[in-house]
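>>> show me how the following folds:
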Amino acid sequence: MRTFPLIVLILTALLAAPVSAQDEDVDVALLPADAGTIKDVNSQSLQIYRFPISYNVRSLEQKPWGLRVYLPISFGTYELEASTDIGDFFDRIRSIAVVPGAEFLVPVGETWVVKPFAEVGVGEDSVSETTQFLYSVGMRARAEFEPRPFDVMLGGALRDRNNTTSRAVTNWYSTIEVGADAQVPLGFSVGPRAARGGLYAIMRHFTDLEFEIITEGPIDIEWNYEVGLSFSTDPALRLWKIKLPWIALGYRFGDRQSGVRLNFTFPF
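Numbering: from 1, shown residues only. Predicted coordinates:
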């Protein structure tokens with residue numbers, strides 16, 4: 001019987017966007033209760049899909065500050081196949097998190113924008129059917145530079161969020177993130193849009209993040225990394241009325257987690 005030692009927390013993350021301060025890999029990871037004593041694990045995976053809805057109440061154009069409100073919806077499916085003391089075990093747990101919030105946009109100099117935020121929402125899974133209240137506060141920052149031939153974006157974030165009453169996350173924790181993306185002209189166009197491509201990298205550090213996994217009990221998660229390829233056009237691509245300013249495919253790995261991630265905007 002084959003055992004995977006790492007839980008796949010991010011098999012697919014679709015439409016992950018910076019319009020929320022959520023840790024989307026945490027909010028929908030509401031794991032199932034124990035089913036006897038787990039002996040052998042065949043596989044574990046968590047698929048995550050995020051659909052951001054946002055509205056600019058006040059644009060930064062020719063104004064000293066901006067305001068954006070958002071209503072991101074996250075869906076997750078957790079699958080576990082294992083052997084227990086009472087026989088083979090398979091379960092598929094579905095969960096949802098809706099965490100509306102607001103962020104201010106404050107320019108600092110000519111290149112940086114600082115974005116303090118606050119949000120409150122709920123999450124629920126198909127096993128306990130108990131509503132989990134989720135809330136967080138923090139600040140993100142983003143800068144854009146053009147040292148030709150490169151287009152460079154830098155980002156950072158600091159957030160603090162509550163625990164839940166589920167077994168997934170058992171205490172308050174904080175997240176610190178830093179990221180960078182560098183692109184060059186690709187020499188072709190998508191219609192009238194000039195194409196650019198490059199590489200990006202993001203590093204995340206979690207403080208006091210403790211997960212409860214049914215196969216092993218509580219574990220600590222501290223570091224997470226993400227690297228991949230990015231693509232953009234000038235002006236930005238549009239899918240129907242949805243603007244896609246930045247498209248990236250990357251691999252996320254670190255303490256107890258790994259997986260493929262698809263982004264449609266720089267997550268800062």
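
>>> okay, now the residue nearest to Leu237 when sequence neighbours are not counted: neighbour count?
Using CB to CB, 6 or more residues apart in numbering and skipping residues adjacent in sequence, the residue nearest Leu237 is Leu244, 4.5 Å away. Where C-beta positions appear, they are placed from N, C-alpha and C, glycine not excepted. For Leu244, the neighbour count with other CB atoms under 10 Å is 15.

>>> pLDDT wise, what is Gln47 at?
pLDDT for Gln47: 72.

>>> please apply the same query to Thr111.
91.

>>> would you mind measuring from it to Leu154?
Separation of Thr111 from Leu154 (CB to CB, to the nearest Å): 9 Å.

>>> quick one: which of those two has more around it?
Neighbours were counted for Thr111 and for Leu154 using other CB under 10 Å; Leu154 has more, 18 against 13.

>>> mind checking pLDDT for that one?
97.

>>> how many other residues sit next to the nearest residue to it once chain neighbours are set aside?
Distances taken as CB to CB, 6+ apart place Ala143 nearest to Leu154, at 4.7 Å, with adjacent residues excluded. By other CB under 10 Å, the residues close to Ala143 number 18.

>>> remind me what the helix or strand harbouring Arg142 packs against, helices and strands.
In this structure, Arg142 sits in strand 132-145 according to DSSP states H and E. Helices and strands touching strand 132-145, by 3 or more CB pairs under 8 Å, 6 or more residues apart in numbering; DSSP states H and E, are strand 112-125, strand 151-161.

>>> count the neighbours of the residue nearest to Gly155 when sequence neighbours are not counted for me.
Distances taken as CB to CB, 6+ apart put Phe268 closest to Gly155, at 2.7 Å, once the chain neighbours are dropped. Neighbour count of Phe268, defined by other CB under 10 Å: 21.

>>> you'd agree Phe268 is up against Gly179?
Yes. Between Phe268 and Gly179 there is a contact under CB atoms under 8 Å: 6.1 Å.

>>> show me the shaky parts of the stretch 51-200 of the chain.
Applying pLDDT under 70 to the stretch 51-200 of the chain picks out residues 80-91, 127-129, 162-172.

>>> the residue nearest to Leu154 and Ser232, how far apart?
Noted for Ala143: a distance of 16 Å to Ser232, by CB to CB.

>>> same check on Ala195?
Using CB to CB, we find Ala195 at a distance of 8 Å from Ser232.

>>> compare these two and say which is more crowded by neighbours.
Set Ala195 next to Ser232 and count neighbours by other CB under 10 Å: Ser232 wins out with 25 against 16.

>>> any idea what the more buried one is bridged to?
Arg196 (DSSP bridges).

>>> ok, it to Tyr78 distance?
From Ser232 to Tyr78 the distance is 33 Å (CB to CB).

>>> strands along the stretch 1-150 of the chain, start to end?
For the stretch 1-150 of the chain, strands defined by DSSP state E, counting those that start in this stretch occupy the ranges 13-14, 38-51, 54-58, 66-70, 73-84, 87-98, 101-108, 112-125, 132-145.
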